[in-house]
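In: sequence unknown, structure follows:
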C-alpha cells in the first residue's frame, strides 16, 4: 500500500483528515510533480503535460486546503520568508511548502515567484523572519540562490536568519556549496527542518 492510498484508507476509517494524513497525501502529489518536472527537463514530456500536471496539483491542493486549515496549529512561534528565485515562475512545490508550514503553525510570508535578491533582502529587513526559504525548479535559476545569500551577507543580514533551499534540481551538496544552512528534499522534510531549527 502506497503512502497516498494508506492515507486515504486511514481517513476513511476515522472520518477526518489529520495533519499527518494531509502531509502524506500532499507529499505523494508532490512526488508525482517532481517526476513530471524531471521528464520535462529530459524532453520526455512537454509543456502541455507540465501545465496539466500543475493544474491537477492546484485542484488537489484546493480540495485539501479546508482540511489543512482545520488542523492548523495556532501557536505561532516562528516566522518564515519564502519565495521562488528570480527567473523561475514555478510555484507548485513552494505552495505545498507554504500550506504545510502554515498548517504546522508558522507565520509564513510568501513572496511568490521570480523573486530577486533585492526583494528578499528588503523583506528580511521588513518582516525579520527566523528562516529564509528559497525554491528553484530550473538548473538555470539555481545560481540565484547563491546571489540571495551573497546579498544577505552584503546587507549584514545573513547572521540574523537561517537559509533553507529546495527544488527538484537542488541537492545537499549544492546547499553546502552556496552557504545555505539546510537543504529540504521535499515539503515534508522542509517542515521538519524548520521545526528542528526553531526547536519546536
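Out: Great, that's in hand. Since we're looking at a predicted model, the values are computed, not measured.

In: Find the residue ranges of the protein scoring beneath the pLDDT cut-off.
Out: 1-24, 27, 67-76, 200 (pLDDT under 70).

In: And the helices in it?
Out: Assigned by DSSP state H, the chain shows helices spanning 3-14, 19-41, 47-70, 92-103, 117-127, 143-154, 172-178, 187-197.

In: Quick one: list the elements packing against the last one.
Out: Right, the one you point to is helix 187-197. Here helix 187-197 touches helix 19-41, helix 92-103, strand 131-135, strand 162-166, strand 182-184, going by 3 or more C-beta pairs under 8 Å, 6 or more residues apart in numbering; DSSP states H and E. C-beta here means a position set from N, CA and C on the backbone, and glycine is covered the same way.

In: Now do that helix: everything it contacts.
Out: 23, 26-27, 30, 78, 80, 93, 96-97, 100-101, 104, 106, 130-131, 133, 162, 164, 166, 181-182, 184, 200 (C-beta atoms under 8 Å, 6 or more residues apart in numbering).

In: swap in the longest one?
Out: Outside helix 47-70, the residues within contact range by C-beta under 8 Å, 6+ apart are 16-17, 19, 22, 25-26, 29-30, 32-33, 36-37, 39-40, 92, 95-96, 99-100, 102-103.

In: What of the fifth one?
Out: Among residues not part of helix 117-127, those counted as contacts by C-beta under 8 Å, 6+ apart are 79, 81, 83, 86, 109, 111, 129, 132, 134, 144, 147-148, 150-152, 155, 157, 160-161.

In: go again using 7 Å as the cut-off
Out: Helix 117-127 is contacted from outside by 79, 81, 83, 86, 109, 111, 132, 147-148, 151-152, 155, 157, 161, using C-beta atoms under 7 Å, 6 or more residues apart in numbering.
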